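Asker: Based on what follows, work out the 3D shape:
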Amino acid sequence: MRGFSPIYDVLAVIDFIDAARNKLRDLGIEFETSNDFEAYEAACAALSGKAVASEPFNSKFYDVLPDDGMWFCGRRGGDIVKVHAMRRESLTGVCLADYWNLQLPRIHGGKVGERHCPGARQIGGLVVYHGDLYVKPEFRRNNIASLSSQLSLALALIKWAPDYFYCFVSPRACRRGFHINYGYSHAQPRAVDWIECPEGIRPDDWLCWTSFEDLVHLIMSGGLDDHSIGPPAPEKSARGPTKSA
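Answerer: Next up is the predicted model:
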């Protein structure tokens with residue numbers, strides 16, 4: 001799907017990853033990743049408030065092969081305080097909306113229509129679904145979720161180089177800009193056209209997505225200003241940016 005691959009420095013992406021991981025360490029969080037989804041299901045079951053891995057990452061519905069998935073956790077003192085996961089999906093010759101029409105009723109039940117948000121018609125090729133982001137309530141006010149999300153996107157960029165990443169975010173969280181903090185550049189309301197919405201699914205979730213080019217631009221620009229986890233910007237003098245020799 002990508003017409004071109006922007007030039008970017010892999011070492012800058014690695015620096016971005018290291019900076020985010022160090023920020024998490026400063027908050028007392030050790031960030032870990034794995035492709036063992038049996039272990040992920042066990043981690044979710046043991047995490048108070050999370051209960052189970054959602055359908056896209058649950059062995060009752062999908063076999064997530066090691067090359068096609070990653071999950072992430074943050075630990076404090078050995079205890080897991082946050083989790084989330086990613087799964088690679090190849091949408092060759094179809095768009096995300098077509099994929100939803102086939103898969104969502106199959107794994108969730110219910111019935112979908114054809115009037116999905118416009119972004120779902122744009123997204124295709126090699127895509128990564130990002131979901132199950134959960135942070136224990138007592139750790140939700142210190143940027144752990146946003147730092148770990150951006151770190152995970154950068155790791156997946158190196159591993160898979162997908163055309164798009166996408167996720168679902170609640171309307172309230174989108175209106176507060178959470179998706180931007182997570183590293184997503186675009187958002188549209190009413191992602192899925194649910195005609196009969198199954199139990200446990202929010203029918204008004206927003207679709208949030210970022211492209212390969214968007215993510216490269218974010219990283220090469222130094223990350224989000226609020227966190228400044230990327231490479232430092234050039235020093236400024238009274239006459240403006242300094243020039244390299």
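Asker: make it CA atoms for all contacts and neighbour counts henceforth
Answerer: Noted.
Asker: got a list of what W206 touches?
Answerer: F168, V169, S170, P171, C174, A187, Q188, P189, R190, A191 (Cα atoms under 8 Å, 6 or more residues apart in numbering).
Asker: What of F37?
Answerer: F57, N58, S59, V64, W71.
Asker: where are the low-confidence patches of the chain?
Answerer: Across the chain, the ranges flagged by pLDDT under 70 are 1-8, 51, 223-245.
Asker: What ranges does it have for its strands?
Answerer: Listed in chain order, the strands of the chain (DSSP state E) span residues 30-34, 69-76, 79-95, 111-112, 124-135, 164-169, 186-188, 194-196, 206-211, 236-237, 240-241.
Asker: who wins for proximity to F16 among the ones you listed?
Answerer: Relative to F16, the nearest member of the strands of the chain by Cα to Cα is strand 30-34, separated by 14.2 Å.
Asker: Each with direction, which strands does the closest one pair with?
Answerer: strand 69-76 (antiparallel) (DSSP bridges).
Asker: now the strand it pairs with, how far from the centre of its chain.
Answerer: 12 Å (Cα atoms, centre = their mean, to the nearest Å).
Asker: Okay, angle between it and strand 124-135 too, please.
Answerer: Strand 69-76 and strand 124-135 are oriented at 20 degrees to each other (axes from the mean of the first three to the mean of the last three Cα atoms, to 10 degrees).
Asker: what does strand 69-76 rub up against?
Answerer: Here strand 69-76 makes contact (Cα under 8 Å, 6+ apart) with 28-37, 40, 80-88, 152.
Asker: count of residues packed around F57?
Answerer: F57 has 25 neighbouring residues, counting by other Cα atoms under 10 Å.
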